[in-house]
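Student: Give me coordinates for this.
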Amino acid sequence: MNLLVDTIPLLCRSKEDTLLFFKGAGVPEAILSDHGQVIREDRTQTNKYQIVRTVLTRLNERGEPAIRERREIIKRVVEFQDFSACWETDRLKAQGLVTQIQKLVDVKDSFTRMKDEREKERRDNIARREAEIATIARKKESLDEHKQQLFALFGDLDPRIRGRRLEDVMNKLFATFEISVRRAFTVSGTEGEGVRAIERRADGSIIALSREKNRPPCGGR
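Tutor: Down below sits the predicted model:
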């Protein structure tokens, strides 16, 4: 605030130029009109520093609705390059003050960028965690569904239908757990009825190979 109050009057040759500077930044006429009237009636009643401080104070008091105008004022100051329009005795001082404001803005922008990066990282972490939770929930839902399908097999009296449905349930379970079965596995009977081998093919289907008691092994579904 104080840097701007010290700098802007040096960039403008006259009081009228100071008002034009603010008008160019989009400052509403309602904030500037009384200063224009004072200048027209009696120029000695005010000066450029008073005008700048009053205008900036009014803009600050407006809060967020005036943020665009405040940013534009700072932008016009930090981008100021033609100091030939300043009074000769003010040029060096004006250049020094503009440089100070430029450095201050650069530091502020750096903090803003770091803050934005931290906020982005926080949002990414939240989104990643929500995705993980959703994945876990979907997996649990799938497992509950597969469990119900598996339990339902016990009520089916037809072994052929039961076998086909078991194959479908097993495929879904393998997919849910992201398991790829590459080698056959066997289940030995407890009553000596033989051995059943189940193998998952590359296309995801399951082949059941059985050997009944006292019979040679043969291929089959």
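
Student: what about residue 19, neighbour count?
Tutor: Here the number of neighbours of residue 19 (other Cβ atoms under 10 Å) works out to 21. C-beta here means a position set from N, CA and C on the backbone, and glycine is covered the same way.

Student: looking at this, it is in a helix?
Tutor: Yes: according to DSSP: H, G, I helix; E, B strand; the rest coil, residue 19 belongs to a helix.

Student: For the closest residue to it other than its chain neighbours, list the residues it contacts.
Tutor: Leaving aside its chain neighbours, residue 19 sits nearest to residue 32 (5.5 Å; criterion: Cβ to Cβ, 6 or more residues apart in numbering). Counting by Cβ atoms under 8 Å, 6 or more residues apart in numbering, residue 32 touches 19, 22, 23, 55.

Student: which ones are touching the last one?
Tutor: Pointing back at residue 55 there. Residues near residue 55 by Cβ under 8 Å, 6+ apart: 22, 27, 31, 32, 35.

Student: If I look at it, what pLDDT would I see?
Tutor: What the model reports as pLDDT for residue 55 is 94.

Student: where in the protein is pLDDT low?
Tutor: Residue ranges of the chain with pLDDT under 70: 109-115, 156-157, 181-221.

Student: switch to 50 and redo it
Tutor: 183-189, 191-192, 194-195, 209-221 (pLDDT under 50).

Student: So which residue is dead centre in it?
Tutor: With distances taken as Cα atoms, centre = their mean, residue 120 lies nearest the centre of the chain, 4.7 Å away.

Student: which parts of stretch 40-52 are buried?
Tutor: Neighbour-count burial for stretch 40-52 flags 46, 48, 50, 51, 52 (criterion: 16 or more other Cβ atoms under 10 Å).

Student: thought the fourth one was touching residue 18?
Tutor: Yes: with the criterion set as Cβ atoms under 8 Å, residue 51 and residue 18 qualify as a contacting pair; they are 5.2 Å apart.

Student: Overlap in contacts, those two.
Tutor: Shared contacts of residue 51 and residue 18 (Cβ under 8 Å, 6+ apart): residue 9.

Student: Do a quick rundown of the helices in this protein.
Tutor: Under the criterion DSSP state H, helices of the chain are mapped to 2-11, 15-24, 29-41, 48-62, 67-78, 91-152, 159-176.

Student: Kindly reformat those as JSON lines and extend each row with distance to residue 85.
Tutor: Listed next are these as JSON lines, based on distance: least, Cβ to Cβ, whole Å:
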{"stretch": "helix 2-11", "distance to residue 85": "8"}
{"stretch": "helix 15-24", "distance to residue 85": "8"}
{"stretch": "helix 29-41", "distance to residue 85": "19"}
{"stretch": "helix 48-62", "distance to residue 85": "14"}
{"stretch": "helix 67-78", "distance to residue 85": "13"}
{"stretch": "helix 91-152", "distance to residue 85": "9"}
{"stretch": "helix 159-176", "distance to residue 85": "74"}
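
Student: So for residue 84, which of these sits nearest?
Tutor: helix 91-152 (7.8 Å; Cβ to Cβ).

Student: Next, the angle from the closest one to helix 2-11.
Tutor: Helix 91-152 runs at 130 degrees relative to helix 2-11, counting by axes from the mean of the first three to the mean of the last three Cα atoms, to 10 degrees.

Student: Which strands or helices does helix 91-152 pack on?
Tutor: Helix 91-152 is packed against helix 2-11, helix 67-78, helix 159-176, with contacts defined by 3 or more Cβ pairs under 8 Å, 6 or more residues apart in numbering; DSSP states H and E.
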